[in-house]
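Q: The sequence and its predicted three-dimensional model are supplied below.
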Amino acid sequence: MLPRKDDVVVPQTHETDVLIVGAGPAGLFGAYYAGFRGMSVTLVDSLPEIGGQVSALYPEKAILDVAGFPVIKGRELIGALVEQAASAKPTYLLGVTANALTIHDDHVVMGLDDGSEIHAKVVVVTAGIGKFTPRPLPAGDGWEGKGLVFFVPSFAEYVGKDVVIVGGGDSAFDWAHELEGIANSITLVHRRDQFRAHQATIDAVLAGKTEVITKAQVSALTGEGHVEGVEITLEDGEVVTRPAQAVVAALGFIADLTAMKEWGLEFDKRHIKVDTTTRTNLHRVFAAGDITEYDGKVRLIAVGFGEVATSINNAAPLVFPDQGVFPGHSSEGS
């Protein structure tokens, strides 16, 4: 079981050597590497579950570009990274947003949106696309927590249920494909008859038992205290109903970089500019992964792993002035 928001208590003031903003793949590997360099480490993420976009958007998707794994599912990758990071004994602060940064000569202070503060010697931003929140389902107002969800972190709770999935992207089709044989029925509703998902997944879903309704939208959720069904309005105005004890709104996410821009970080459009050491324009602040920009940047999970290791190693002399950048090789032992 991966750590979730309810598993941790956020102290009013917390001290750490390294604060990592973003608990996705790069952040988790950075936590491991900080421990390898002897640093204490804290990860903050606005999502209630660790894993970043991988956990939120494609936990069951096969990932093919991670070194050493010919193929690995998103959930399995995050699980392995959490296990690896455990050696650093990281503190996870989930479901809170880093929104105010004050930089001092020898440390930084990060304010969180719950009123607490983190005092750190360095900050490493691995926030992917920044704070991202799910796009709302217009008909779902008031139904969140009553059968309407935006993520499918576990399939176990959908056994034998009627599930309606709204959307036409990778997440919608991944979840429809994986829930087949688990759920009692699956209905996928999309406002267009063209999809943005990987074609192989689309083909698998269309060839399966999922009912795909296009040029339509979910116009109402019905039930007493919990979702029991949905009303779907077709292009010609006809309204059809389907049973549903669960509705998954896979409509994408809205990225918000407002807080980080207010810190004074230099951006190139939607990405933080860094140098070859992954330093930003702010003292004691580094950045790695998809959030960064430099000449020749390639946005891959594998690249993020290398960048965050570079961040931690270049941050080491700021945490421990008697240490250099080069860490030695992990295979050399202690």
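A: Here it is on my side, so go on.
Q: so how far is the strand or helix carrying I232 from its chain's centroid?
A: Using DSSP states H and E, I232 falls within strand 229-234. Put simply, strand 229-234 sits 30 Å off its chain's centre (Cα atoms, centre = their mean, to the nearest Å).
Q: Same question for stretch 226-238.
A: On the basis of Cα atoms, centre = their mean, stretch 226-238 sits 30 Å off its chain's mean C-alpha point.
Q: Check the average confidence over it, would you?
A: The average of the pLDDT scores along stretch 226-238 is 97.
Q: Grab the CA positions of that stretch and hand them over as CSV.
A: Only the C-alpha atoms of stretch 226-238 are listed here, as CSV (Å, rounded to 0.1, in the frame of the first residue of the first chain):
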residue,chain,number,x,y,z
HIS,A,226,-24.8,7.6,-3.8
VAL,A,227,-24.6,7.3,-7.6
GLU,A,228,-27.0,4.7,-8.9
GLY,A,229,-27.2,5.7,-12.6
VAL,A,230,-26.4,8.3,-15.2
GLU,A,231,-28.3,10.1,-17.9
ILE,A,232,-26.5,10.5,-21.2
THR,A,233,-27.6,13.1,-23.7
LEU,A,234,-26.9,12.1,-27.3
GLU,A,235,-26.1,14.5,-30.2
ASP,A,236,-29.7,14.5,-31.4
GLY,A,237,-31.0,15.4,-27.9
GLU,A,238,-32.2,11.9,-27.0
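Q: can I assume P90 is in contact with V44?
A: No: counting by Cβ atoms under 8 Å, P90 does not reach V44; the two are 10.8 Å apart. No exception for glycine: its C-beta is placed from N, CA and C like everyone else's.
Q: Tell me, how many residues neighbour L47?
A: Residues near L47, counting by other Cβ atoms under 10 Å, number 23.
Q: Which strands border the strand holding I232, and is each parallel or antiparallel?
A: Applying DSSP bridges to the sheet, strand 229-234 is found paired with strand 216-222 (antiparallel), strand 239-243 (antiparallel).
Q: Which helix or strand in the chain has the lowest average pLDDT?
A: Least confident helix or strand, the chain: strand 131-134 with a mean of 70, by mean pLDDT, DSSP states H and E.
Q: contacts for the helix or strand just after it?
A: Note on strand 131-134: by DSSP H and E, the next helix or strand toward the C-terminus is strand 148-149. With Cβ atoms under 8 Å, 6 or more residues apart in numbering as the test, strand 148-149 has contacts from 137, 140, 221, 227, 246-249.
Q: Quick check: which helices or strands does whatever helix or strand comes next after strand 148-149 pack against?
A: Scanning forward in sequence from strand 148-149 by DSSP H and E, the next helix or strand is strand 162-166. Here strand 162-166 is seen to pack against helix 170-179, strand 185-189, strand 216-222, strand 239-243, strand 246-249 when contacts are counted using 3 or more Cβ pairs under 8 Å, 6 or more residues apart in numbering; DSSP states H and E.
Q: Now do strand 162-166 and strand 216-222, the angle between them.
A: Between strand 162-166 and strand 216-222, the angle comes out at 130 degrees (axes from the mean of the first three to the mean of the last three Cα atoms, to 10 degrees).
Q: sorry, back to before: ranking by neighbours, what's the top pick from the contacts of strand 148-149?
A: V247 (28 neighbours).
Q: Might you report the residue contacts of that residue?
A: 137, 140, 143, 147-149, 163-166, 218, 221, 227, 230.
Q: Give me the lowest-pLDDT entry from those residues.
A: Ranked by pLDDT, the contacts of V247 bottom out at V149 (91).
Q: Tell me, how many residues neighbour L265?
A: Applying other Cβ under 10 Å, we find 20 residues neighbouring L265.
Q: what's the domain layout of the protein?
A: As assigned by automatic domain parsing, the chain contains the domains 5-132+253-332, 136-249.
Q: which stretch in the ones you listed has the least confidence?
A: Least confident of the domains of the chain, judged by mean pLDDT, is domain 5-132+253-332 with a mean of 89.
Q: So which of the contacts of V247 is the closest to V308?
A: Using Cβ to Cβ, V149 comes nearest to V308 of these, at 30.1 Å.
Q: Next, count neighbours for the closest one.
A: Using other Cβ under 10 Å, V149 has 20 neighbouring residues.
Q: repeat for the one 10 residues further on
A: Other residues within reach of V159 by the criterion other Cβ under 10 Å amount to 10.
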